[in-house]
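Chemist: Pasting a predicted model and its sequence here:
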Amino acid sequence: MNDDINNKDIFILYGIDIDKFNEYQLEVIYDGIVNDINIDVYAKSYYDSDQMIEIKKGLERNLDISKYSNKELSWLQMAKIRKGLEEGIDVTKYNDPQYNYMEMEDIMVALRIFKNII
């Protein structure tokens, strides 16, 4: 783990209980801290590090992460929803954990085609 991450003081300063997170989660949280990203949204122990990364990417791009910051979504599903938001697609058509990420991709493709027809 990065020496800076071993400095528990920064996590304490931000109210992060490091015992609740693994090394990879702490790295994503630390990256958010040093890049001035609102870690409160994703620094939750129920998100794995990949889910945290997807939420962090949305925050960095000023996306409405409420559309996919659902712990029931895999990071792959989150990535499809984030990508749809970046493209201006109506993600409400597929931001449901019942769809796997490949089904989400299929819906995205159909919505892109429909969007281009109108």
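Modeler: That came through, no problem.
Chemist: all helices in the chain, in order from the N-terminus.
Modeler: Secondary structure of the chain (DSSP state H): helices located at 3-6, 8-13, 23-34, 49-60, 75-87, 101-117.
Chemist: Show me how far the fifth one is from its chain's centre.
Modeler: Spelled out, it's helix 75-87. 9 Å (Cα atoms, centre = their mean, to the nearest Å).
Chemist: Return the helix or strand in this structure with minimum mean pLDDT.
Modeler: Of all the helices and strands that make up the chain, helix 3-6 has the lowest average by mean pLDDT, DSSP states H and E, namely a mean of 56.
Chemist: still on that earlier bit, for Ser66, find the nearest of the helices of the chain.
Modeler: Closest approach to Ser66 among those is made by helix 49-60 (9.4 Å; Cβ to Cβ). Every C-beta, even on glycine, is put in place using the N, C-alpha and C of the backbone.
Chemist: Can you point out the buried residues in the closest one?
Modeler: By neighbour count with 16 or more other Cβ atoms under 10 Å, helix 49-60 contains the buried residues 49, 51-59.
Chemist: which one of these sits closest to Lys80?
Modeler: The shortest approach to Lys80 among these belongs to Glu54, at 9.6 Å (Cβ to Cβ).
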